[in-house]
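Undergrad: Have a look; sequence and predicted model below, questions after that.
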Amino acid sequence: MSDITLLMFLILGHVACDFYFQPDSWVKKKNEHHHKSIELLLHSALHGIVAASIFYVLNSNSTVLNAMYVVVAVSVIHYATDLIKSYSQKWQLIYFLVDQLVHIGVLIAVWLVVTGQVESFKEQWTIDNLSHKHALYILAYIAIFKPASVLISMILKPWTRDLKPEDDTDTLKSAGQQIGYFERFLMLTFILLSQYSVIGFLLAAKSVFRFGDLTAAQDKKLTEYVMLGTLASVTVTISIGLFVIYTVGKVTIN
């Protein structure tokens, strides 16, 4: 079995333990009792045991001692990470994403150590191997969020004042901005992958959801505003994507 297959099964085990083998009651008690929660100990131990079992069964070079190291490393770090997250209820989405990145990062680190690929990893992932391509891809994704929102707001400003205050009383706070973030992220990704037909499907799906506004005469002003915002968002994203492709080429997936 290849090393990358082993890593995929480790991540699969993590997903199973974190989302399928963890009852909602455990999550609630972790958030209420923190370090006093028995459920937190059980959850962390389960992660360690599952990860060690996968290593021991699927890695032909593994030993009982290596499996013990995996149990301790994964369990302890998972416990510490989830404990910190249990105190951080205000920004749940951010801490959830960071929590998952830490868990997967630990699995990758343990995988590198046990499979003896640390030196190879260091050679491939060094500052010397970074290029303008990496910086440009990162810059493109950063630009489509807040900078693009500011630019689109400036474009729409002459028409924003024409909307009556009651025009947006039934909308969710900041929902439009978040929709724009997801929309531009998907469009940029499809552009870099040269999947332009999917972009057409995405825009068509959005038009279907706005069909009710298009047929309501009293919402004509709001509909035109939304359409203008969508076109501005699409224009900005396509411009950024085409610039990246022209500069460094499309993203290739092996």
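TA: It's in.
Undergrad: And residue 11, which helix or strand is it part of?
TA: Residue 11 is part of helix 3-15, with elements assigned from DSSP states H and E.
Undergrad: Any stretches of the stretch 151-254 of the chain with poor pLDDT?
TA: By pLDDT under 70, the low-scoring segments of the stretch 151-254 of the chain are 162-173, 207-220, 250-254.
Undergrad: 90 instead, please
TA: 152-180, 183, 193-231, 246-254 (pLDDT under 90).
Undergrad: mind listing the helices for it?
TA: According to DSSP state H, counting those that start in this stretch, the stretch 151-254 of the chain carries its helices in the segments 175-192, 196-209, 211-214, 220-248.
Undergrad: Who are the packing partners of the longest one?
TA: Applying 3 or more Cβ pairs under 8 Å, 6 or more residues apart in numbering; DSSP states H and E, we find helix 220-248 packed against helix 132-143, helix 146-160, helix 175-192, helix 196-209, helix 211-214. Quick note: C-beta positions are derived from backbone N, CA and C, even for glycine.
Undergrad: Would you check how far apart residue 53 and residue 47 are?
TA: As defined by Cβ to Cβ, to the nearest Å, residue 53 lies at a distance of 11 Å from residue 47.
Undergrad: quick one, which of those two is more surrounded?
TA: Set side by side, residue 53 and residue 47 show more neighbours around residue 47, with 27 against 14, by other Cβ atoms under 10 Å.
Undergrad: Do I have it right that the more buried one meets residue 15?
TA: No - using Cβ atoms under 8 Å, residue 47 is not in contact with residue 15; the gap is 10.8 Å.
Undergrad: how close does the closest residue to residue 203 other than its chain neighbours get to residue 4?
TA: Using Cβ to Cβ, 6 or more residues apart in numbering and skipping the chain neighbours, the partner closest in space to residue 203 is residue 234 (7.0 Å). Using Cβ to Cβ, we find residue 234 at a distance of 37 Å from residue 4.
Undergrad: what does residue 247 give?
TA: Residue 247 is 30 Å from residue 4, by Cβ to Cβ.
Undergrad: Ok, residue 155 next?
TA: For residue 155, the distance to residue 4 equals 45 Å [Cβ to Cβ].
Undergrad: can you check residue 175 too?
TA: Distance from residue 175 to residue 4, by Cβ to Cβ: 39 Å.
Undergrad: ditto for residue 184
TA: From residue 184 to residue 4 the distance is 31 Å (Cβ to Cβ).
Undergrad: Comparing those two, which residue is more hemmed in?
TA: Using other Cβ under 10 Å, the more surrounded residue of residue 184 and residue 4 is residue 184, with 24 against 10.
Undergrad: which residues touch that one?
TA: Taking Cβ atoms under 8 Å, 6 or more residues apart in numbering, we find residue 184 in contact with 144, 145, 148, 233, 236, 237.
Undergrad: Over to residue 73?
TA: Contacts here follow Cβ under 8 Å, 6+ apart; on that basis residue 73 touches 48, 106, 110.
Undergrad: Kindly recompute the last result at 10 Å.
TA: Neighbouring residues of residue 73 by Cβ atoms under 10 Å, 6 or more residues apart in numbering: 48, 51, 52, 106, 107, 109, 110, 113, 114.
Undergrad: In ChimeraX, select just the buried ones from those residues.
TA: To isolate the buried members of these in ChimeraX, using 16 or more other Cβ atoms under 10 Å:
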select :48,51,52,106,107,110,114
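Undergrad: ok, so of the contacts of residue 73, who is nearest residue 202?
TA: Closest to residue 202 out of these is residue 107 (32.7 Å), distances taken as Cβ to Cβ.
Undergrad: can you give me phi and psi for the closest one?
TA: Dihedral angles of residue 107 (phi, psi; degrees, to the nearest 10) stand at phi -60, psi -40.
Undergrad: leaving aside the residues next to it on the chain, what's closest to it?
TA: Leaving out its chain neighbours, the residue that sits closest to residue 107 by Cβ to Cβ, 6+ apart is residue 10, at 4.8 Å.
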